[in-house]
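>>> Model the structure of this input:
(one chain, ligands or ions: 1)
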Amino acid sequence: MVENFEIGGPYNFNENELLLDVNKRTTCNLILTDSNEKVFFTSSGRGAINIMLHNIIKEHQNINKVVLLPFYACESEITPFKDNGFVIRYYKVKTDLTIDIYDLFQQINFFSPSIIYFQSYFGFDTLNNIRRYYNYLRKENIFIVEDITHSWLSSFKKTDADYYVLSMRKWLEIPDGGALISTTHNIDQSCFSNIDYHKEIIDNFIEMSINKNLYFKSKDENKKSRYMFLVKKNKKILHENKNIYRLSDISAQILNGSDWEFIRDSRRQNYKMLFNELNETINFKPVFNHFPDDVVPLYFVILIKKDRTKFQKALINERIYCPIHWPIYNEIESIYSKESLNFQYQILSIPCDQRYNELDIKRIISTINNIN
Ligand SMILES: Cc1ncc(COP(=O)(O)O)c(C=O)c1O
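So this is what the prediction gives:
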């Protein structure tokens, strides 16, 4: 077993994956939910939301363009609704990341949304307390959308929503990858402005991977600067380019060939180690105090009680990179008090994914235990 030089940070192709044929036409054969699904694979989660909105607007031209989103959401979930002319309203999520049902129904009464966007967090079934209302909400002519980006590998039930939205890029080394799924609606693809894949993103990802692999071997900081530059460039392209692209062939090849059992098992194993060893201290506490069998975790998430920046920097000093999900969207910050957003100022995500082994997880644990 060998320790990884860095923990966290962007996924990259390994040497073998860099030999794959980018032009080999490949259809993604993943089954994503447990029902008779209709799936459309896109390059991003944003693309999936856009196709869904085109679909809904085409079928219901006089729809009241108001959507309810959780106030704990990232900008890339919010933007497609704005781009499609929706008024965005928010409902509250509690500190255990389940929905504040009282607040949700208040917002429904005030704003009569035509879509409600639900999301489970970090692999845990945080929508358990709301699914029983789906049929009632549908009868009120509300489309139910579940974002399963964080929970698609977890085995709890996913069949009751009208649409499922997914971004797969956060889970493994693919340059692009999203999906729109429906068990009940046809998915109209005519809105594709470009039926091709997003070539620039793939080219940048390949160059990024080459530089990251070289950096790990040589520790040459120029290679690191180059790969970080390319990661940022791809983020910017995704943010600015509003075209909808299909999933690339290279990502389809990786998705088809991935060892999902290994991915699930190693994430669960790593999480279990972190969960067993990192109990609440004066510095932090885990967000979830349980770890059910049906969960495949995205990250091990903790709340930093004192200075999050200092905590994060102490980990960076040991080359452990922990992202923040998510920087608070400025519109949300202007609506809610600092107290109600406290959770979002404190949260930090510790990597537990399939790239890491027992030695890496031990390194994370000892680093965290040494932060004072
Ligand atoms: C939960 C969730 N849904 C959707 C998206 C959008 O996905 P993409 O970045 O692939 O467009 C993101 C992006 O961060 C996300 O975190």
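
>>> Would you check that R264 makes contact with D294?
No - taking contacts as Cβ atoms under 8 Å, R264 lies outside contact range of D294: 10.7 Å. Heads up, the C-betas are built off the backbone N, CA and C, glycines and all.

>>> Show me which of those two is the more surrounded one.
Between R264 and D294, R264 has the larger neighbour count (other Cβ atoms under 10 Å), namely 17 against 12.

>>> So which residues of this protein form strands?
Along the chain, the segments classed as strands by DSSP state E run 38-42, 66-70, 87-91, 115-119, 143-147, 163-167, 178-182, 284-286, 299-304, 347-351.

>>> How about this protein: which residue is closest to the ligand?
G45 (2.4 Å; Cβ to the nearest ligand atom).

>>> so where's the stretch 51-200 of the chain uncertain?
191-195 (pLDDT under 70).

>>> For it, which residues are neighbours of the ligand?
For the stretch 51-200 of the chain, the contact set with the ligand under Cβ under 6 Å from any ligand atom comprises C74, S76, E77, Q119, D147, T149, H150, S167, R169, G178.

>>> Out of those residues, which two sit at the greatest distance?
Put simply, by Cβ to Cβ the two of those set farthest apart are Q119 and R169, 16.2 Å from each other.

>>> would you list every one of the helices in the protein?
For the chain, helices defined by DSSP state H occupy the ranges 45-59, 75-83, 101-111, 134-139, 199-218, 221-240, 249-257, 260-277, 308-316, 330-335, 342-346, 358-369.

>>> any idea which of those is most buried?
Greatest average neighbour count among these goes to helix 45-59 (a mean of 22), per mean count of other Cβ atoms under 10 Å.

>>> ok, and what's touching that one?
40, 42, 63, 76-77, 79-81, 83-84, 86, 114-115, 143, 145, 147, 149, 163, 165-167, 169, 178-180, 185-189, 191-192, 238, 242, 244-245 (Cβ atoms under 8 Å, 6 or more residues apart in numbering).

>>> Out of these, which end up buried?
Buried by 16 or more other Cβ atoms under 10 Å: 40, 42, 76-77, 79-81, 84, 86, 114-115, 143, 145, 147, 149, 163, 165-167, 169, 178-180, 185, 187, 192, 238, 244-245, out of the contacts of helix 45-59.

>>> list the contacts for the residue most central in space within the chain?
Ranked by distance to the mean C-alpha position of the chain (Cα atoms, centre = their mean), the top residue is T149 at 4.6 Å. Residues near T149 by Cβ under 8 Å, 6+ apart: G45, Q119, V165, L166, S167, M168, K170.

>>> avg pLDDT for stretch 23-35?
Averaging pLDDT along stretch 23-35 gives 86.

>>> list the buried ones in it?
T26, C28, L32, T33, S35.

>>> With stretch 289-303 instead?
Those would be F291, V295, V296, P297, L298, Y299, F300, V301, I302, L303, for stretch 289-303 by 16+ other Cβ under 10 Å.

>>> Look up how far K285 lies from the first one.
Going from F291 to K285 by Cβ to Cβ, to the nearest Å gives 15 Å.

>>> next one: the second one
As for V295, its distance to K285 is 18 Å (criterion: Cβ to Cβ).

>>> Equivalent analysis for the fifth one, please.
L298 sits 18 Å away from K285 when distances are taken as Cβ to Cβ.

>>> what does the third one give?
Between V296 and K285 the distance, using Cβ to Cβ, works out to 22 Å.

>>> Can you add distance to F5 and give the helices of the chain back as a markdown table?
Below are the helices of the chain laid out as a markdown table (distance: least, Cβ to Cβ, whole Å):
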| stretch | distance to F5 |
| --- | --- |
| helix 45-59 | 30 |
| helix 75-83 | 29 |
| helix 101-111 | 45 |
| helix 134-139 | 46 |
| helix 199-218 | 5 |
| helix 221-240 | 11 |
| helix 249-257 | 22 |
| helix 260-277 | 17 |
| helix 308-316 | 14 |
| helix 330-335 | 36 |
| helix 342-346 | 29 |
| helix 358-369 | 10 |
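
>>> Those helices: lowest mean pLDDT?
Taking the mean pLDDT of the helices of the chain, helix 330-335 comes last: a mean of 89.

>>> next one: that one to chain centre, how far?
21 Å (Cα atoms, centre = their mean, to the nearest Å).

>>> list the helices and strands that helix packs on?
Helix 330-335 is packed against strand 87-91, with contacts defined by 3 or more Cβ pairs under 8 Å, 6 or more residues apart in numbering; DSSP states H and E.

>>> and the strand it packs on, what other elements does it pack with?
Short answer (3+ Cβ pairs under 8 Å, 6+ apart): strand 87-91 packs on strand 66-70, helix 75-83, helix 101-111, helix 330-335.

>>> Would you format those as TSV with distance to N204 included?
As requested, those are exported to TSV (distance: least, Cβ to Cβ, whole Å):
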stretch	distance to N204
strand 66-70	30
helix 75-83	18
helix 101-111	40
helix 330-335	28
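
>>> Just give the closest residue to the residue of the chain closest to the ligand, not the sequence neighbours.
Excluding the flanking residues, the one nearest G45 by Cβ to Cβ, 6 or more residues apart in numbering is S167, at 3.0 Å.

>>> how many other residues sit next to R131?
That count, for R131 with other Cβ under 10 Å as the rule, works out to 18.

>>> domains of the chain?
38-182, 196-257, 260-369 (automatic domain parsing).
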